[in-house]
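Trainee: just a sequence and a predicted model for now, questions to come.
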Amino acid sequence: GALLEMRGVMKVYPNGVVANRNVNFSLNEGEIHALAGENGAGKSTLMKILFGMEEPSEGEMFLRGKAIRLGSPQDAIDIGIGMVHQHFMLIPSFTVAENMVLGMEPRTGVSFNYNEAVRITKEYSAKYNLAVDPELKVRDLSVGMKQKVEILKALVRGAKILILDEPTAVLTPQETIELFQELKQLKEAGHTIVFISHKLKEVKAICDRITIMRGGRTEGVFGVQD
Ligand code: ADP
Ligand code: ADP
């Protein structure tokens, strides 16, 4: 069965816009799954629902067949879902290490001193081959580096399913190549990745399956490498 399933998802925003209509979406464990469709198709809304940022008006979600309810991003993080936003949720005046542990203390009950934050950053950086300098301030990082920090932040919080919202839109071609290598490594390590993209070349390069959305509906799910 699927690792994660969304069934019959409907989202009507308070202003009356119907962003998702009876959407079915499923993820297999260990796949890189592209989510494609024109602007306004409903991709971001569906992913916000999956990360607990928006509540669906109707529909159900299942993790390994078990019904789940996501009332907040923290609920999503708690069950191993991580989000890499297009506009990074990092504090520019803080170091990478500080950003890495920020907000984790109340949840884990662990108090991180600076050395501990640096150690954790180095540990995950080495484990996932995502090279970042823990002591640099985020404001001094390139966009590609900031993205690596966001990916690491999700991994440090235990993400097994990683959602990336048009991650290449802000990257140089060289940074894009690096990101694809990193995503392939995450896949090999058993992670499941949702990759929002409408660039055919990118989808063909790294994705296993693709779900196409149009007008708030899923048009179909296809194998990419078949
Ligand atoms: P995509 O990510 O595919 O571009 P979105 O999910 O962002 O699609 O948008 C789907 C539809 O929902 C669009 O018509 C968009 O204008 C609308 N929409 C998105 N967010 C909101 C919101 N917070 N309030 C009202 N309408 C929204
Ligand atoms: P709040 O409780 O402040 O309203 P949310 O419920 O939106 O915040 O989020 C709960 C927790 O998830 C917060 O600690 C927030 O920092 C964290 N969070 C939100 N988005 C992300 C993200 N993309 N990656 C990691 N943590 C996030």
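Mentor: Done, it's in. Numbers count the residues shown, from 1 in each chain. Ligands and ions are numbered 1, 2, ... in the order given.

Trainee: can you pull the contacts of residue 35?
Mentor: 25, 43, 46-47, 194-197, 210-211, 213 (C-beta atoms under 8 Å, 6 or more residues apart in numbering). The way it works is simple: take the backbone N, C-alpha and C, and place the C-beta from them, glycine included.

Trainee: which one (most neighbours) among those residues?
Mentor: residue 46 (29 neighbours; other C-beta atoms under 10 Å).

Trainee: tell me the SS of that residue?
Mentor: Of the three states, residue 46 takes helix under DSSP: H, G, I helix; E, B strand; the rest coil.

Trainee: just to check, it is in contact with residue 25?
Mentor: Yes - using C-beta atoms under 8 Å, residue 46 is in contact with residue 25, at 6.3 Å.

Trainee: shared neighbours of those two, which are they?
Mentor: 6, 9, 35.

Trainee: of the residues you listed, which belong to strands?
Mentor: The strands, defined by DSSP state E, take in 6, 9, 35 from the shared contacts of residue 46 and residue 25.

Trainee: ok, and the closest non-adjacent residue to the first one?
Mentor: With C-beta to C-beta, 6 or more residues apart in numbering as the criterion, residue 6 has its nearest non-adjacent residue at 4.4 Å, and that residue is residue 25.

Trainee: wait, a helix at the one you found?
Mentor: No - assessed by three-state DSSP, residue 25 does not belong to a helix; its assignment is strand.

Trainee: which residues does it contact?
Mentor: Counting by C-beta under 8 Å, 6+ apart, residue 25 touches 5-6, 9, 35, 46, 211, 218.

Trainee: run through the bridge partners of the residue nearest the centre of the chain.
Mentor: Geometric centre of the chain, nearest residue: residue 163, 1.9 Å, by C-alpha atoms, centre = their mean. Under the criterion DSSP bridges, residue 163 forms beta bridges with residue 83, residue 194.

Trainee: gap between the two ends of stretch 86-96?
Mentor: Start-to-end span of stretch 86-96 (C-alpha to C-alpha, to the nearest Å) is 18 Å.
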